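Peer 1: pasted the sequence and its predicted model underneath.
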Amino acid sequence: MRLLHTMLRVGNLEESLNFYCNVLGMKLLRKKDYPGGEFTLAFVGYGDEANHAVLELTYNWGKNSYQMGDAYGHIALGVDDIYATCEEIRRQGGKITREPGPMKHGTTVIAFIEDPNGYKIELIQLGTQGSAHQSTEVAGASA
């Protein structure tokens, strides 16, 4: 088994595609309208779906916003230079909700940003994190 994708419902597909593709550097892998169901699916990611987990952005026609549930945590992205990445995201109008720095009670360097729909995205400086389970567990507890 392997993780294929994570689905996020979005209120404005073009705005979300701009954020994930232009601000975060993902590629639009495929996009399809489903007129019978009145929705559009767009898949974005850093590599092809055969070898990488991706994000499925679901736009339900005419639905412009969603309630953010308290069960959702965040998506995590590994970055080579967290400080430069945050500056570039800020330059492009992205929202930094936690500036880069060591996580509480640890040494992993993290930052948090928010997409246009309010979804949280954790940036993790590659090479500073412990085991994936430990980093997510502790970071999730402090987020």
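Peer 2: Great, that's in hand. Numbers count the residues shown, from 1 in each chain.
Peer 1: phi, psi of the residue lying closest to Leu4 once chain neighbours are set aside?
Peer 2: Spatial nearest neighbour of Leu4, chain neighbours left out: Ala53 (6.4 Å); criterion: Cβ to Cβ, 6 or more residues apart in numbering. Backbone N, C-alpha and C define where each C-beta goes, glycine included. The phi/psi pair for Ala53 (degrees, to the nearest 10) reads phi -70, psi 140.
Peer 1: just so I have it, where are all the helices in the protein?
Peer 2: Taking DSSP state H, the helices of the chain run over residues 13-17, 82-91, 132-142.
Peer 1: burial of the residue nearest to Leu4, as a residue count?
Peer 2: Close neighbours of Ala53, defined as other Cβ atoms under 10 Å, add up to 13.
Peer 1: how close does it sit to Asp81?
Peer 2: 23 Å (Cβ to Cβ, to the nearest Å).
Peer 1: go on, Gly127?
Peer 2: Gly127 is 11 Å from Asp81, where distance means Cβ to Cβ.
Peer 1: more neighbours, these two?
Peer 2: The residue with the greater number of neighbours, taking Gly127 and Asp81 and applying other Cβ under 10 Å, is Asp81; the counts read 12 against 9.
Peer 1: excluding its backbone neighbours, what's nearest that one?
Peer 2: Distances taken as Cβ to Cβ, 6+ apart place Gln125 nearest to Asp81, at 7.7 Å, with adjacent residues excluded.
Peer 1: quick check: the one you found touching Pro100?
Peer 2: Yes: assessed by Cβ atoms under 8 Å, Gln125 is found in contact with Pro100 at 7.3 Å.
Peer 1: what residues are shared contacts of these two?
Peer 2: Counting by Cβ atoms under 8 Å, 6 or more residues apart in numbering, the common neighbours of Gln125 and Pro100 are Ile82, Val109, Ile110.
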